[in-house]
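S.K.: Predicted model follows, preceded by the sequence.
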Amino acid sequence: MIPSVSLESAPSVDSSSLSFLSSHRAVSVCTRELARLADSLAAAGTELAREHGLEAPTVRRAPDRCIVQVGPVALTVAWLRNGSDSPVAGELMAIAWRGIIAPRGDHLPERLGARHVPVAPVELWESSFVASAASEATWNWHEDERTSDGLTSPELAAHCVEQLKLALANTPIS
């Protein structure tokens, strides 16, 4: 369960950022930024697969999450709401995995005999990010708290893909 966050307890947020992030307009900006992030992750996953001679990645998207499976590793990004749609109370969770998170979905008959049971995925890296913005143009993601330097959505995607590259470099490709 995600602990509740009140607008008054949001860490290190100036009043203009708090005002914007708690507005209805910020909800649609957050949705666009999540889509921009997912687009960047999918494109980077495709490039990473091509560089390593792997099949095109499996990409699963929903409005608040994205999974990019590149061969034996994956990256998941999910927007976690905290009781409201307000971006001031939510956080973005990013995790790099070794293992299959998004299977290709190949159909297997029920009674084929012995089935291959995939190895459980192992988390290799995890980080959470919060949003800050006084307007749509100033939207940034901050790791863990709003006092850190902010990243735009494409910069955050590049940061996450670096973790995916490290995971791929340290995972044998079978």
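M.R.: Perfect, thanks for sending it. Numbering: from 1, shown residues only.

S.K.: By residue count, tell me the biggest strand in the protein.
M.R.: For the chain, the longest strand by residue count, based on DSSP state E, is strand 122-132.

S.K.: centre of the chain versus the helix or strand just after that one, how much separation?
M.R.: Per DSSP states H and E, the first helix or strand lying C-terminal to strand 122-132 is strand 140-143. Using CA atoms, centre = their mean, to the nearest Å, we find the averaged C-alpha position of strand 140-143 to lie 12 Å away from the chain's own average C-alpha position.

S.K.: other SSEs contacting strand 140-143?
M.R.: Counting contacts by 3 or more CB pairs under 8 Å, 6 or more residues apart in numbering; DSSP states H and E, the secondary-structure elements packed against strand 140-143 are strand 122-132. C-betas here are computed from N, CA, C, even on glycine.

S.K.: again, only this time at 10 Å
M.R.: Counting by 3 or more CB pairs under 10 Å, 6 or more residues apart in numbering; DSSP states H and E, the packing neighbours recorded for strand 140-143 are helix 24-51, strand 91-98, strand 122-132, helix 153-169.

S.K.: and among these, the most buried is which?
M.R.: For the helices and strands packed on strand 140-143, ranked by mean neighbour count under the definition mean count of other CB atoms under 10 Å, the leader is strand 91-98 at a mean of 21.

S.K.: what's the angle between it and helix 24-51?
M.R.: Here the directions of strand 91-98 and helix 24-51 differ by 10 degrees (axes from the mean of the first three to the mean of the last three CA atoms, to 10 degrees).

S.K.: strand partners of strand 91-98, parallel vs antiparallel please.
M.R.: Sheet neighbours of strand 91-98, with direction, are listed as strand 73-80 (antiparallel), strand 122-132 (antiparallel) (DSSP bridges).

S.K.: And the last one, how far out from the chain middle?
M.R.: Which is strand 122-132. Here strand 122-132 is found 8 Å from its chain centre; the criterion is CA atoms, centre = their mean.

S.K.: dump the residue contacts of Ile173.
M.R.: Ile173 makes contact with His52, Gly53, Leu54, Gly71, Pro72, Val73, according to CB atoms under 10 Å, 6 or more residues apart in numbering.

S.K.: My guess is Leu164 contacts Leu48. True?
M.R.: Yes - Leu164 lies in contact with Leu48 (CB atoms under 10 Å); the separation is 6.6 Å.
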